[in-house]
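Novice: sequence first, predicted coordinates after that:
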There are 2 protein chains.
Amino acid sequence: MIDFWFAIGSTYTYLSVMRIDELAAGVEVRWRPFDIRHVLIAHDNIPYAGKVEKSAYMWRDLQRWSDAYGLSPRFPAPYPLADSPQANRIAALAAEEGWVEPYVRATYRRWFEDGQCAGEEPNLSASIAEAGQDPARVLAEANSPDGHARLLAVTKRAMALGVFGAPTFAVGGELFWGNDRLEDAIAWAKSGGLASRG
Amino acid sequence: MIDFWFAIGSTYTYLSVMRIDELAAGVEVRWRPFDIRHVLIAHDNIPYAGKVEKSAYMWRDLQRWSDAYGLSPRFPAPYPLADSPQANRIAALAAEEGWVEPYVRATYRRWFEDGQCAGEEPNLSASIAEAGQDPARVLAEANSPDGHARLLAVTKRAMALGVFGAPTFAVGGELFWGNDRLEDAIAWAKSGGLASRG
């Protein structure tokens, strides 16, 4: 079992969203959205804002990984997102209702491949509809007081586990931070350890 | 050719220092120490100070990697170092004079395996002596105005290349940040790309 803690708004999460189903075949994966912005602010740990060199590295690194994975994003994608919490409120509702995967894949595809910001229209309603849901119902529910409380609750659960960034893969008590640790998390879920590299 | 930009004081650099010679066999590696503290302050990017969850993750992650690599550190090692710049001034001198590798390996071994802070006695003189040099001469030279200027000059060179963390492996214009990207840097140096993971 892998808990896939992710947040729409995280760039590297795109690579995991597009890969995890095929890669983790045979291992149960729970998609667990949370509010990364809340966590980063609480930890005073804003990874890219104002950091020119690190941001340039991120886009180049994402392109190299995308090439290696056979993905075709258009970089740079809009970043940061103005309303990632709204996208994550929808994802948290979707996780409860059982349609989180198609929604998240749809919204990332629009964000990274079509240049439409996740968390904003037209991406929002189109991605909800693509997941087979009614946008008006979902937006009303996600933006209600209950919708805000739901995202805060799962975010606090993530923080209690020690999650400080996205994506994070949790296997029992072991955390693996970053898309490039997805393979390690799967190996740990299957065998209780990392592959030896000695 | 790989430029191995590193800074004594970086924890993940331990894993690269202990692995790079064997792993990069057949590829020329230049060991290029710089002052990570200078870079982090300039970029307002202090990665672990005050960050409880991220620090706990770092030590656990270092232990998992060490197990996978067959290394035997004693964790947690003293961190952060009080005088990493002194250690890096010595490394910068050593790089000019041709004894950087044995010095850096010796000082990391004492730091991570014996609990002796790099950049301070008794680690300093013992590691210099293990690299075949006279500690009195080296310390006088590294702490002279020329010694300070030497480290600042190489640090500015690193920053001009876009280096923002340690270790960073530079292959032509491509940067790979982090010990866990060493294999990618070697693949790039050999073939001009990452191994396909599609």
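Specialist: That came in fine, so what should we check first?

Novice: distance of A:Met58 relative to A:Ser10?
Specialist: Here A:Met58 is placed at a distance of 11 Å from A:Ser10 (CB to CB, to the nearest Å). Every residue, glycine included, has its C-beta placed from N, CA and C.

Novice: same question but for A:Gly162, I mixed them up
Specialist: Between A:Gly162 and A:Ser10 the distance is 17 Å, computed by CB to CB.

Novice: write out the residues of chain A neighbouring chain B.
Specialist: Within reach of chain B by CB under 8 Å from any CB of the partner chain, chain A has these residues: A:43-45, A:50-51, A:53-54, A:56-57, A:60-61, A:64-65, A:67-70, A:159, A:162-165, A:174-175, A:177, A:180-181, A:193-198.

Novice: for A:Gly50, what are its contacts?
Specialist: Contact analysis of A:Gly50 by CB atoms under 8 Å, 6 or more residues apart in numbering or on different chains lists B:Asp44.

Novice: thinking again about what came up before, for ChimeraX, write the select line for the buried members of the residues of chain A next to chain B.
Specialist: Remark: buried members of the residues of chain A next to chain B, expressed as a ChimeraX selection using 16 or more other CB atoms under 10 Å in any protein chain shown:
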select /A:43,45,51,53,54,57,61,64,65,67,68,69,159,162,163,164,165,174,175,177,180,181,194
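
Novice: of the residues of chain A next to chain B, which belong to strands?
Specialist: Under the assignment DSSP state E, the residues of chain A next to chain B contribute A:Glu174, A:Leu175, A:Trp177 to strands.

Novice: redo those residues as CSV? Include pLDDT.
Specialist: Shown next, in CSV, are those (pLDDT from 0 to 100):
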residue, pLDDT
A:Glu174, 97
A:Leu175, 98
A:Trp177, 97
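
Novice: let me have these in a markdown table, extended by distance to B:Ala92.
Specialist: Output for these, formatted as a markdown table (distance: CB to CB, whole Å):
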| residue | distance to B:Ala92 |
| --- | --- |
| A:Glu174 | 38 |
| A:Leu175 | 36 |
| A:Trp177 | 32 |
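
Novice: nearest to A:Pro85, of those residues?
Specialist: A:Trp177 (21.0 Å; CB to CB).

Novice: any idea what the closest one is bridged to?
Specialist: In this entry, A:Trp177 is beta-bridged to A:Thr168, by DSSP bridges.

Novice: ok, it - contacts?
Specialist: Residues counted as contacts of A:Trp177 (CB under 8 Å, 6+ apart) are A:Phe164, A:Gly165, A:Pro167, A:Thr168, B:Tyr57, B:Asp61.

Novice: ok, now how distant is the second one from A:Trp177?
Specialist: It stands for A:Gly165. According to CB to CB, A:Gly165 stands 5 Å off from A:Trp177.

Novice: CA atoms of the least confident helix or strand in chain A by mean pLDDT as PDB?
Specialist: Lowest by mean pLDDT, DSSP states H and E among the helices and strands of chain A is helix A:36-42, with a mean of 89. Below are the C-alpha coordinates for helix A:36-42, written out as PDB (Å, rounded to 0.1, in the frame of the first residue of the first chain):
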ATOM      1  CA  ILE A  36       0.800  22.200  -0.200                       C
ATOM      2  CA  ARG A  37       0.600  26.000   0.100                       C
ATOM      3  CA  HIS A  38      -0.700  25.600   3.700                       C
ATOM      4  CA  VAL A  39       2.200  23.300   4.500                       C
ATOM      5  CA  LEU A  40       4.900  25.400   2.900                       C
ATOM      6  CA  ILE A  41       3.700  28.500   4.700                       C
ATOM      7  CA  ALA A  42       3.500  26.700   8.000                       C
END
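
Novice: mind listing what's buried in it?
Specialist: Going by 16+ other CB under 10 Å, helix A:36-42 has these buried residues: A:Ile36, A:Arg37, A:His38, A:Val39, A:Leu40.

Novice: so the first one makes contact with A:Gly165?
Specialist: Yes. Between A:Ile36 and A:Gly165 there is a contact at 7.4 Å, judged by CB atoms under 8 Å.

Novice: find residues that contact each of those two.
Specialist: A:Ser10.

Novice: and the residue nearest to A:Pro73 when sequence neighbours are not counted, what does it touch?
Specialist: With CB to CB, 6 or more residues apart in numbering or on different chains as the criterion, A:Pro73 has its nearest non-adjacent residue at 4.2 Å, and that residue is A:Phe112. By CB under 8 Å, 6+ apart, the contact set of A:Phe112 is A:Tyr14, A:Pro73, A:Arg74, A:Phe75, A:Ala77.
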